Structures are given as C-alpha cells and as structure tokens.
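**Student:** Pasting a predicted model and its sequence here:
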Amino acid sequence: MNNGWLAVLAAIAAFAGAAVGHVVTYLVARRQTAMGRKQDALTNLRWAADQALSDDPHRARLGVRYIRAISRSSDLDEDTEAMVDATLAAVVEPAVDEYDGLTDGDRYVETYVELDEE
C-alpha cells in the first residue's frame, strides 16, 4: 500500500512541477513579447521622427502620420506613450511656429496642423 501512495504522490509532484514550469515559461514569453513590441515601437518612432523632420514634404507628412499611428496603438505602455507624444509635439510645434510667421505679400498665409485626423 505504501508504494501505491508513493506513486500517486510522485505523479502529483510531477504534474505540479510541469504546471509551474509551464506558467513560468508563459510569463517569461509574455514579458519578452511586450518588450519586443516596445522595442519595435521605439525603432519605428525613431524612423518616423527622421521622416517627419525631412525637407521633403511628402516624407515629412508620412513621418507625422506614422507617429500618430504609433500613438494610437493599444500595445504601448505609459512610458512609451509619453515618448510618442513628446516626439509628435517636438516635430509638429516647430513646423507650426515656422508657418505661423509666413506671409505671402500683403496676404497672411494661414496654416494649421490637425493632430486628430480620423
């Protein structure tokens, strides 16, 4: 009878060990996936900021739109959202300031940047 209980306890211990191992593996993989997403977002943010600061207006527009798209991602954590917002503000505000001072002869050139295009 002792051997029977010992076999049952060994089976329960093996199952518990496998379950704990599975949970730990799942949590580590989940964390790595989240870190990978954050790294991808920051890499894309760097690329988009470079585009947004381009002298080519098409590339600049693409960069700003890409930054906006990144900012709408549900995968971002709070820190990354703050970096995206700061980047967008740093790219857009100087452009708005520059265009606000332009005139076309006697006519004032009116410009704006729409931040919430849907």
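**Tutor:** Yep, that arrived.
**Student:** Going by neighbour count, list what's buried in stretch 49-59.
**Tutor:** By neighbour count, and taking 16 or more other Cβ atoms under 10 Å as the criterion, the buried residues in stretch 49-59 are 49, 51-52. (Each C-beta comes from the backbone N, C-alpha and C, glycine too.)
**Student:** Also stretch 31-51?
**Tutor:** For stretch 31-51, the buried set under the neighbour-count rule, 16+ other Cβ under 10 Å, comprises 38, 41, 44-45, 48-49, 51.
**Student:** circling back: any chance of the buried residues of stretch 49-59 in CSV, plus secondary structure, pLDDT and distance to Arg72?
**Tutor:** Converted to CSV, these look like this (DSSP: H, G, I helix; E, B strand; the rest coil; pLDDT from 0 to 100; distance: Cβ to Cβ, whole Å):
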residue, secondary structure, pLDDT, distance to Arg72
Ala49, helix, 87, 16
Gln51, helix, 87, 17
Ala52, helix, 85, 16
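**Student:** Can you show me the helices along this protein?
**Tutor:** 2-52, 57-71, 78-100 (DSSP state H).
**Student:** Out of these, indicate the one that is most buried.
**Tutor:** For the helices of the chain, ranked by mean neighbour count under the definition mean count of other Cβ atoms under 10 Å, the leader is helix 57-71 at a mean of 16.
**Student:** if I pick the residue most central in space within the chain, what's in contact with it?
**Tutor:** In the chain, the C-alpha nearest the mean C-alpha coordinate belongs to Ala41, at 3.8 Å (Cα atoms, centre = their mean). When contacts are counted by Cβ atoms under 8 Å, 6 or more residues apart in numbering, Ala41 touches 70, 73, 75-76, 80, 84.
**Student:** how about 6 Å then?
**Tutor:** Taking Cβ atoms under 6 Å, 6 or more residues apart in numbering, we find Ala41 in contact with 70, 80.
**Student:** So it versus Ala90, what's the distance?
**Tutor:** Here the distance between Ala41 and Ala90 works out to 17 Å (Cβ to Cβ, to the nearest Å).
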